[in-house]
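Novice: Only the shape, not the letters, is given here:
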């Protein structure tokens, strides 16, 4: 991650993108796993959105580092494994 923005700041800035994905027919897996996450006692809607945004931030960071396009299957896999967070 660049020194200019932390992973936490990047993920928080991506919450609006996650909210759009929750409504989009192009990313039904986001809504599916969001609904699964909020069924857990300790995870509320905001926390679930933050977790998904961390996955999105990880993919964006990796995309920039590797100078490649967005890898939707990789992002989908990370979201699927939540509440485990990417390392």
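Specialist: Done, it's in. What you are looking at is a predicted structure, and each value in this text was computed from that prediction instead of being measured.

Novice: Only C-alpha atoms from now on, for both contacts and neighbour counts.
Specialist: Noted.

Novice: any idea how far the helix or strand hosting residue 35 is from the chain center?
Specialist: Here residue 35 sits within helix 28-38, counting by DSSP states H and E. Offset of helix 28-38 from its chain centre (C-alpha atoms, centre = their mean, to the nearest Å): 11 Å.

Novice: same thing with stretch 58-74?
Specialist: On C-alpha atoms, centre = their mean, the centre of stretch 58-74 falls 12 Å from that of its chain.

Novice: now stretch 47-61
Specialist: Worked out by C-alpha atoms, centre = their mean, stretch 47-61 lies 3 Å from the chain centre.

Novice: quick one: low-confidence parts of the protein?
Specialist: 1-7, 85-87 (pLDDT under 70).

Novice: mind listing what's buried in the lengthiest helix in the chain?
Specialist: Longest helix in the chain, counting residues (DSSP state H): helix 45-66. Within helix 45-66, the residues scored as buried using 16 or more other C-alpha atoms under 10 Å are 48-62.

Novice: contacting residues around whichever helix or strand residue 12 is part of?
Specialist: Using DSSP H and E, residue 12 sits in helix 7-13. Residues outside helix 7-13 that contact it (C-alpha atoms under 8 Å, 6 or more residues apart in numbering): 1, 50, 53-54, 56-57.

Novice: what's the closest of these to residue 15?
Specialist: residue 53 (5.7 Å; C-alpha to C-alpha).

Novice: Please report how far that closest one lies from residue 23.
Specialist: Computed as C-alpha to C-alpha, to the nearest Å, the residue 53 to residue 23 distance reads 15 Å.

Novice: what's the most distant pair in the contacts of helix 7-13?
Specialist: 1 and 50 (17.5 Å).

Novice: Tell me the one of the buried residues of helix 45-66 nearest residue 72?
Specialist: For the buried residues of helix 45-66, the nearest to residue 72 is residue 59 (8.7 Å; C-alpha to C-alpha).

Novice: Give me the neighbour count for residue 67.
Specialist: 9 (other C-alpha atoms under 10 Å).
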